[in-house]
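Visitor: turn this into a model:
(4 chains)
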Protein chains: 2
Amino acid sequence: MPLSKCNCEGCELKGLFFSELTNDEIEAVCTWKDERSYKKGEYILREGDPIKEFCYTKSGLVKLVRSVSDQEEQIIYFASSLDFISLLGIFSNDTYPYSVVAIEDTVVCSLRISEVKTFIRTNGNFAFSVIQKLNRVSDNIITTNLEIKRRRLPGRIAYILLYFANDIYKHTTFELPVSRKEIADFIGMTTENVIRTLSEFRRDGIIKISGKTIEIVDMDKLLKIKQFG
Amino acid sequence: MPLSKCNCEGCELKGLFFSELTNDEIEAVCTWKDERSYKKGEYILREGDPIKEFCYTKSGLVKLVRSVSDQEEQIIYFASSLDFISLLGIFSNDTYPYSVVAIEDTVVCSLRISEVKTFIRTNGNFAFSVIQKLNRVSDNIITTNLEIKRRRLPGRIAYILLYFANDIYKHTTFELPVSRKEIADFIGMTTENVIRTLSEFRRDGIIKISGKTIEIVDMDKLLKIKQFG
DNA sequence: AACAGATGCTGATAATTATCATATTTTTGT
DNA sequence: ACAAAAATATGATAATTATCAGCATCTGTT
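Guide: Just a heads-up that it's a prediction; the model follows:
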């Protein structure tokens, strides 16, 4: 099969994820890869399911969640485009220790994990790039959690607002992709207190809120709250 | 140089870390490896230093810490024997994002990171085993932090007591290897409240304390506090 | 359009945790 | 061995956060 028929060839992510693969390997990937679109709210992976695929986001935004009791869940991380979403335990577990849910419309590309494992064993440069990327994502999660842990409620809210504004949307006005409850599940506080703190920020002229739309009005103050709150 | 002169050959960790290396590769490791002993309290790695080595503990206990302000530090993780202590960012950063400090006398074996990187590129099975092990350690850190985050003070203290009792010392009586302040830095609470909670556990007949020695008297109650507190 | 159910919002109160002050004990350095 | 510093301990109070209760608003469905 000629490579020109393989749409992975022209994929904008090829350079990011598979620059180290040979043409033959890319062709093999292409034959088996599975690209899927998910609507906001849909489950991409389910906690407890067997790990058969190696997935990454091509576009969109997802949350990694784990359930900690009947009613409660904890959000581990938000992954945007070009992130691995298969990470925790993918090479050391049999089943997913968390679920992945689209919080915006999301396109995911999946490879068979067995194939990726083979490439790791046979292609050292590919192995190295996988290690680098896994390492970067893990570090990110760990550091983010530590940063949140050391802050109080206002600091945590400031942190997450600035995360969406600076890292995800790169704009001071944006649509919050998550509910107040999801913020609460992420920062480890109650929904009521998340709402209360947002309202206080609004009253203090730091942000404007209309529904899901947030506008950061006083960036300096928000940065100070992130730093000291 | 005959392999018999190489003391890595007989190292009890060879099977764990380097089972996938060829004899030639092990000999190369052996020539350059650096095995060092550290007394309790000594720094093994310093935050900000360039990453030149790939380190793991042969025995002992260490803490991974990062400083978050002039006076405060955050403990990321406790690593016991056979753990990697080079992990966060080792393959994606130039400098260590955290320090590693011995909290018990510790023996560390270090390889040159450049050499490990070469093995990853040239020996796929070794690469795969490194990925598996890094993956496992990262997951552990992430999961531990999530478990702590979702608990209140008593639950957090119960969690860490049971961690030392069950995972590290495998005994209901043990010497706490860390100060109350270090526990506080790990679970994200104040030193006073850690002390207070330990005192309450003692008053409630859950544990006995004499200095650094802790004895778990009422395991059932402690498990319940871990679960619901 | 009407309804149900989720989500957002606010206040009052209770529970939890931090801060400050002070004393005692243990460890460290000389 | 001694003084100084650090760690442990406890109480009182302040600050922070959770819980509960009651409404309003939004969303999706029929």
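
Visitor: gap between residue A:194 and residue A:180?
Guide: Residue A:194 sits at a distance of 5 Å from residue A:180 (criterion: Cβ to Cβ, to the nearest Å). Quick note: C-beta positions are derived from backbone N, CA and C, even for glycine.

Visitor: likewise residue A:119?
Guide: 42 Å.

Visitor: so for these two, which residue has more residues nearby?
Guide: Shown here are residue A:119 and residue A:180; by other Cβ atoms under 10 Å in any protein chain shown, residue A:119 has more neighbours (22 against 18).

Visitor: could you tell me whether the more buried one really is in a strand?
Guide: No. Looking at residue A:119 with DSSP: H, G, I helix; E, B strand; the rest coil, it is helix, so not inside a strand.

Visitor: ok, the residue lying closest to it once chain neighbours are set aside - contacts?
Guide: Spatial nearest neighbour of residue A:119, excluding adjacent residues (Cβ to Cβ, 6 or more residues apart in numbering or on different chains): residue A:126 at 5.1 Å. In this structure, residue A:126 makes contact with A:18, A:20-21, A:25, A:119-120, judged by Cβ atoms under 8 Å, 6 or more residues apart in numbering or on different chains.

Visitor: quick one, longest helix in chain A?
Guide: Longest helix in chain A, counting residues (DSSP state H): helix A:124-149.

Visitor: tell me how far the residue nearest the centre of chain A lies from residue A:43.
Guide: In chain A, the centroid-proximal residue (Cα atoms, centre = their mean) is residue A:79; its distance is 0.8 Å. Applying Cβ to Cβ, the value for residue A:79 to residue A:43 is 14 Å.

Visitor: coming back round to it: so the residue nearest to the centre of chain A sits in a strand?
Guide: Yes. Checked against three-state DSSP, residue A:79 lies within a strand.

Visitor: for beta bridges, what are the partners of it?
Guide: residue A:62 (DSSP bridges).

Visitor: do you know how far it is from residue A:55?
Guide: 10 Å.

Visitor: what residues are shared contacts of the two?
Guide: A:85, A:100.

Visitor: would you check that residue A:127 makes contact with residue B:124?
Guide: Yes. Residue A:127 lies in contact with residue B:124 (Cβ atoms under 8 Å); the separation is 6.1 Å.

Visitor: so residue A:97, which state does it fall into?
Guide: coil.

Visitor: how many neighbours does it have?
Guide: By other Cβ under 10 Å, the burial measure for residue A:97, its neighbour count, is 17.

Visitor: that one reaches residue A:47, doesn't it?
Guide: Yes. Between residue A:97 and residue A:47 there is a contact under Cβ under 8 Å: 6.7 Å.

Visitor: any common contacting residues for these two?
Guide: In contact with both residue A:97 and residue A:47: residue A:66, using Cβ under 8 Å, 6+ apart.

Visitor: which residues of chain A lie near DNA strand C?
Guide: A:179-181, A:191-192, A:195-196, A:198-199, A:209, A:211-212 (Cβ under 7 Å from any atom of the strand).

Visitor: what do you get if the cut-off is 10 Å, keeping everything else the same?
Guide: Residues of chain A lying close to DNA strand C (Cβ under 10 Å from any atom of the strand) are A:41, A:152, A:176, A:178-184, A:190-200, A:202-203, A:209-212.

Visitor: which residues touch residue A:20?
Guide: Per Cβ under 8 Å, 6+ apart, neighbours of residue A:20: A:123, A:125-126, A:128-129.

Visitor: now residue A:100
Guide: A:43-45, A:55, A:62-65, A:79, A:85 are the contacts of residue A:100 under Cβ under 8 Å, 6+ apart.

Visitor: now with 7 Å?
Guide: A:44-45, A:62, A:64, A:85 (Cβ atoms under 7 Å, 6 or more residues apart in numbering or on different chains).
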